[in-house]
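S.K.: structure for the following, please:
(chains A and B)
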There are 2 protein chains.
Amino acid sequence: MSKNPKISVVERYIKALCDHDLETIDLLFADDATVEDPVGSDPLRGKEAILGFYKVGFSSGLSARLEGSVRLAANHAIFPFVVELNPGNGEMRIEAIDQFTFNDDNKIIAMRAFWGPENTRTP
Amino acid sequence: MSKNPKISVVERYIKALCDHDLETIDLLFADDATVEDPVGSDPLRGKEAILGFYKVGFSSGLSARLEGSVRLAANHAIFPFVVELNPGNGEMRIEAIDQFTFNDDNKIIAMRAFWGPENTRTP
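M.R.: Predicted structure coming up:
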């Protein structure tokens, strides 16, 4: 059985976060996508704002790993994962759950990241 | 530090699922709550429909456990967990992520359960 395409997108996304691979991020999002990270903040709209957001994350040495299976329902993929920032220089560890909503081409049209102060650790 | 009340609701919810405790489920939801389980199905509306839904689950020997930390953002709590049904009689295991949205009294006004066929196992 070939892998569900929405699960493939999540796996490529996590790998792109670790590789600081902006080209893949660009490929995975639709041009008119929104990013709300964390949920409750003003969403970013459009590819330029979104790529700028990831560029800042990459400059702080971001890495990420899945922390459980990707759940699929309707046009969503949602997954628990861990993000680490600033390795060796005031590390921060965030436990998040990201929700991707897909268009018919399996591009991400909306990303919402659920996390708050309770999910943040500075070791 | 006292525990965040939204995290307490999630922990009481998981315990109530394991104890088949309909009274606690009744306490945790607002009267006009909705339940969309799985996401993509027609939501149940109101306490009577919701309690009926959990009663059916309890009659199939439902148990549940958290599978990671509860993430908090804005008025939401969202958490990865595992549900088991029909123990010893054609078991089914579902890996889900539930999203609770709260009203100002920290009652659940909306529950959305993200899972699909890819998240279901029959051992």
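
S.K.: test my guess that residue A:92 contacts residue A:62.
M.R.: No - the pair residue A:92 / residue A:62 is not scored as a contact, 10.0 Å apart, by C-beta atoms under 8 Å. Just so you know, the C-beta spots here come from the backbone N, C-alpha and C atoms, and that holds for glycine as well.

S.K.: so for those two, which residues contact both of them?
M.R.: Counting by C-beta atoms under 8 Å, 6 or more residues apart in numbering or on different chains, the common neighbours of residue A:92 and residue A:62 are A:84-85.

S.K.: neighbour-wise, which of the two wins?
M.R.: residue A:62 (18 against 14; other C-beta atoms under 10 Å in any protein chain shown).

S.K.: show me what the lowest-mean-pLDDT helix or strand in chain A is packed up against.
M.R.: Within chain A, no helix or strand scores below strand A:120-121, which has a mean of 93 by mean pLDDT, DSSP states H and E. Of the remaining helices and strands, those touching strand A:120-121 by 3 or more C-beta pairs under 8 Å, 6 or more residues apart in numbering or on different chains; DSSP states H and E are strand A:92-102.

S.K.: pull out the buried positions in the helix or strand where residue A:52 lies.
M.R.: Per DSSP states H and E, residue A:52 falls inside helix A:47-59. In terms of neighbour count (16 or more other C-beta atoms under 10 Å in any protein chain shown), helix A:47-59 has its buried residues at A:50, A:54, A:57-58.

S.K.: which parts of chain A sit against chain B?
M.R.: Chain A comes close to chain B at residues A:4, A:7, A:38-40, A:67-74, A:76, A:78-80, A:95-97, A:99, A:113-116, A:118-119, as judged by C-beta under 8 Å from any C-beta of the partner chain.

S.K.: what's across from the nearest residue to residue A:29 once chain neighbours are set aside in the sheet?
M.R.: In this structure, residue A:29 finds its nearest non-sequential neighbour in residue A:108, 4.9 Å apart by C-beta to C-beta, 6 or more residues apart in numbering or on different chains. Beta bridges link residue A:108 to residue A:29, residue A:102, judged by DSSP bridges.

S.K.: pull the number of nearby residues for residue A:108.
M.R.: Residue A:108 - counted by other C-beta under 10 Å - has 24 other residues nearby.

S.K.: check what pLDDT residue A:88 gets.
M.R.: The model reports residue A:88 with a pLDDT of 79.
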